[in-house]
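> coords please:
(2 chains)
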Amino acid sequence: MTPALTIRQLTKTYGNGFQALKGIDLEVAEGDFFALLGPNGAGKSTTIGILSTLVNKTSGTVEVFGRDLDREPSALKRCLGVVPQEFNFNQFEKPFDIVVAQAGYYGIPARVAGERAERYLSELGLWEKRNVPSRMLSGGMKRRLMIARALVHQPRLLILDEPTAGVDIELRRSMWGFLTELNEQGITIILTTHYLEEAEQLCRNIGIIDHGRIVEHTSMRELLMKLHVETFLLDLRSPQQGVPVLEGYPVALVDPLTLEVQVEKSQGINALFAQLAAKGIEVLSLRNKTNRLEELFVSLVAKNLAGGQ
Amino acid sequence: MSVELQANWVALQTIVHKEVRRFMRIWPQTLLPPAITMVLYFVIFGNLIGRQIGDMRGFSYMEYIVPGLIMMSVITNSYGNVVSSFFGTKFHRSVEELMVSPASPHVILVGFVIGGVLRGLAVAAIVTALSLFFTHLQVHHALVTFAVILLAATIFSLCGFINAVYARNFDDISIIPTFVLTPLTYLGGVFYSISMLPEFWQTVSLANPILHMVNAFRYGILGVSDIHIGTAVTLMLLAAAILYAVSLRLLKRGVGMRQ
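Numbering: from 1, shown residues only, chains lettered A, B, ... in the order given. From the prediction side, this is the model:
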């Protein structure tokens, strides 16, 4: 099966000499839900800019469903929908007009464009706001408007650059549901996000980019397997006067009612609870100190930084 | 019609429709000001001062300046429409909607140019209609009149596009109209015949492209001109072709739009 996206030796050097991409290779399978992660300035937005033709690449090749960016740009663009990080629509126009005009640029006749605009604006909860100047919409609504606009030509590959940035939790979760549905319908999705919980929850495969290089390109499951130690926070019923000694588990007292424990994957947490019970320490609840992916991400990026230096 | 061609046709219709709707929606800023300005020209220059001047090349002064004033409105409005509209899409970053779409660069360029030409023609129609309250007009050569107005609107729409491509802020879109277009228009024979100038300044005036447009248009309406019509039309065709090629190259390279 032809991959949804194939990137080979992609480089980008900006006019000021800054090398944003240093020869990245990336392949995303059709139907995948892929996370492209990286710290600020790592090269995520440059990569997306090149895919969407808003940034000129310096060298390398890009194919979307086998359509080459240099040889068949129009065919490639028809397969691709992009939701950028920044708002890039005329805020004086109405959502319905924005979506219908975008359909027109893709050659979709007005009648069909109107039907699709109604469908996607409704699905994204914007139909009631279709005739309101878009500057009056909230930040979350503007992001959903850009998703509706990106879907109106029914792309096979949808790229979202930080789609939930600045969106409240409730709305974020409803967007996750919407994106999952799209993926189940067969649309390949590539997502960049700063919310690693979002990537862990939604994506099956992951690429981590740092300093213009891909430092990790694997499945989410395999990546999480690499996490050997997890840090848990335990909320206690009674305050502790000193740090309890738990054999085999490094422990710290965050405050008299919160215990921080490091657990190696091979140890499991049953033995930990047995020791706590033996000492009469009652645990009310348990949570990860940081998101699991976040711990890995930080260690990978730190390792890459140390390697680079 | 191939799928690609059909898609580009729909894209062109979309851009033109959007452009026309834009200048119609803001008609108090786009269609009304040239109407008021031209009425003032007709009253003050044509009527009050013109009566003191008398005939010019066999026509009343009012009759003589009307073609130039129509052409002046076409030039400023075609230019102004494209420069403000295209710069606006850059400013709002909605130009990215066009750049990510498969619409051909020809379609994008032609769409904006048609928008500028249609505004130029709309203003020309309004100014012509208003001029009929002050004088009577009879078209001497309809084909020349229409061809010249169409070419002038196209040329200045393309100039507006190039200006918008390079503009980085709102000041950049007003510099050319203020410091280049307005002086060239006033010195382009709208209010006088260059035969009134000393020979040296007559020769210098020939370097002003607007002089050729104004006189070619005046020939179409009145049948008199200071310059050779064939030369004027050829120069205009050449200018339109060169400006189109330059604009297309800028658009394809994404100057001011792509990094």
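> doesn't B:V100 make contact with A:G49?
No. Counting by C-beta atoms under 8 Å, A:G49 sits too far from B:V100 to count as a contact (10.2 Å). Just so you know, the C-beta spots here come from the backbone N, C-alpha and C atoms, and that holds for glycine as well.
> B:L238: how many residues sit nearby?
Using other C-beta atoms under 10 Å in any protein chain shown, the number of residues around B:L238 comes to 10.
> what helix or strand is it on?
Here B:L238 sits within helix B:229-253, counting by DSSP states H and E.
> helices or strands up against that helix?
Packed against helix B:229-253 by the contact rule (3 or more C-beta pairs under 8 Å, 6 or more residues apart in numbering or on different chains; DSSP states H and E) you find helix B:105-131, helix B:142-166, helix B:209-222.
> how about residues contacting that helix?
Here helix B:229-253 makes contact (C-beta atoms under 8 Å, 6 or more residues apart in numbering or on different chains) with B:105-106, B:108-109, B:144, B:147-148, B:151-152, B:154-155, B:158-159, B:161-162, B:165, B:209, B:212-213, B:215-216, B:219, B:225, B:256-257.
> buried set for it?
For helix B:229-253, burial by neighbour count (16 or more other C-beta atoms under 10 Å in any protein chain shown) applies to B:229, B:232-233, B:235-236, B:239-240, B:243-244, B:247-248, B:250-251.
> out of those residues, flag the one nearest to chain A.
Checking the buried residues of helix B:229-253 against chain A by C-beta to the nearest C-beta gives B:L251 as the nearest, at 12.4 Å.
> could you pull out the strands for the stretch 1-150 of chain B?
B:55-56, B:59-60 (DSSP state E, counting those that start in this stretch).
> which of those sits most buried?
Mean neighbours per residue, mean count of other C-beta atoms under 10 Å in any protein chain shown, is largest over the strands of the stretch 1-150 of chain B for strand B:59-60, with a mean of 18.
> and the stretch 151-259 of chain B, which of its residues are near chain A?
Within the stretch 151-259 of chain B, the positions lying close to chain A (C-beta under 8 Å from any C-beta of the partner chain) are B:254, B:257-259.
> kindly reformat those as TSV containing pLDDT and secondary structure.
Shown next, in TSV, are these (pLDDT from 0 to 100; DSSP: H, G, I helix; E, B strand; the rest coil):
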residue	pLDDT	secondary structure
B:G254	89	coil
B:M257	85	coil
B:R258	81	coil
B:Q259	76	coil
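> center of chain B - which residue?
In chain B, the residue lying closest to the centroid (C-alpha atoms, centre = their mean) is B:I75, at 2.6 Å.
> please enumerate the helices of chain A.
Using DSSP state H, the helices assigned to chain A run over residues A:44-51, A:73-79, A:95-105, A:110-123, A:139-151, A:169-184, A:196-202, A:220-225, A:270-278, A:292-308.
> hang on, the earlier thing: excluding sequence neighbours, find me the nearest residue to the residue nearest to the centre of chain B.
B:F156 (5.0 Å; C-beta to C-beta, 6 or more residues apart in numbering or on different chains).
> so the one you found versus B:I149, what's the distance?
11 Å (C-beta to C-beta, to the nearest Å).
> the two: who's more crowded?
Using other C-beta under 10 Å, the more surrounded residue of B:F156 and B:I149 is B:F156, with 31 against 24.
> could you list every residue that touches that one?
By C-beta under 8 Å, 6+ apart, the neighbours of B:F156 are B:74-76, B:78-79, B:116, B:120.
> ok and the longest helix anywhere in chain B relative to helix B:105-131, angle-wise?
Longest helix of chain B, by residue count under DSSP H: helix B:61-91. Angle of helix B:61-91 versus helix B:105-131, following axes from the mean of the first three to the mean of the last three C-alpha atoms, to 10 degrees, is 150 degrees.
> just the mean pLDDT for helix B:61-91, thanks.
In this model, helix B:61-91 has a mean pLDDT of 94.
> and stretch A:121-141, anywhere near chain B?
No. Stretch A:121-141 lies out of reach of chain B by C-beta under 8 Å from any C-beta, never closer than 10.1 Å.
> ends of that stretch, what's the gap?
One end of stretch A:121-141 sits 10 Å from the other (C-alpha to C-alpha, to the nearest Å).
> can you pull out the low-pLDDT segments for chain A?
A:227, A:290-296, A:299, A:301-309 (pLDDT under 70).
> residue of it closest to chain B, please.
For chain A, C-beta to the nearest C-beta, closest residue to chain B: A:G107, 2.4 Å.
> and that residue, backbone torsions?
phi 80, psi 20 (degrees, to the nearest 10).
> and for it, the neighbour number?
Residues lying near A:G107 (other C-beta under 10 Å) number 26.
> contact partners for it?
B:3, B:6-11, B:102-103.
> then A:D25?
Applying C-beta under 8 Å, 6+ apart, we find A:D25 in contact with A:7-10, A:214, A:217.
> straight-line length of stretch A:196-214, end to end?
First-to-last residue span, stretch A:196-214, C-alpha to C-alpha: 17 Å.
> contacting residues around the residue in chain B that chain A sits nearest to?
Residue nearest to chain A within chain B: B:A7 (2.4 Å; C-beta to the nearest C-beta). Residues counted as contacts of B:A7 (C-beta under 8 Å, 6+ apart) are A:106-107, B:102-103.
> mind checking which of these are buried?
A:106-107, B:102-103.
> from those residues, pick the one nearest B:G68.
Set against B:G68, the nearest of these by C-beta to C-beta is B:A103 (37.4 Å).
> so the residue nearest to the closest one when sequence neighbours are not counted versus B:S247, what's the distance?
With sequence-adjacent residues excluded and distances taken as C-beta to C-beta, 6+ apart, B:A103 is closest to B:A11, at 3.9 Å. Distance of B:A11 to B:S247, given as C-beta to C-beta: 17 Å.
> and A:S52, by the same measure?
23 Å.
> spell out which residues of the stretch 1-150 of chain B are next to chain A.
Close to chain A, as judged by C-beta under 8 Å from any C-beta, the stretch 1-150 of chain B has residues B:3-4, B:6-11, B:13-15, B:17-18, B:88-89, B:92-94, B:96-104.
> go again with 6 Å.
B:7, B:10-11, B:14, B:18, B:92-94, B:96-97, B:99-103 (C-beta under 6 Å from any C-beta of the partner chain).
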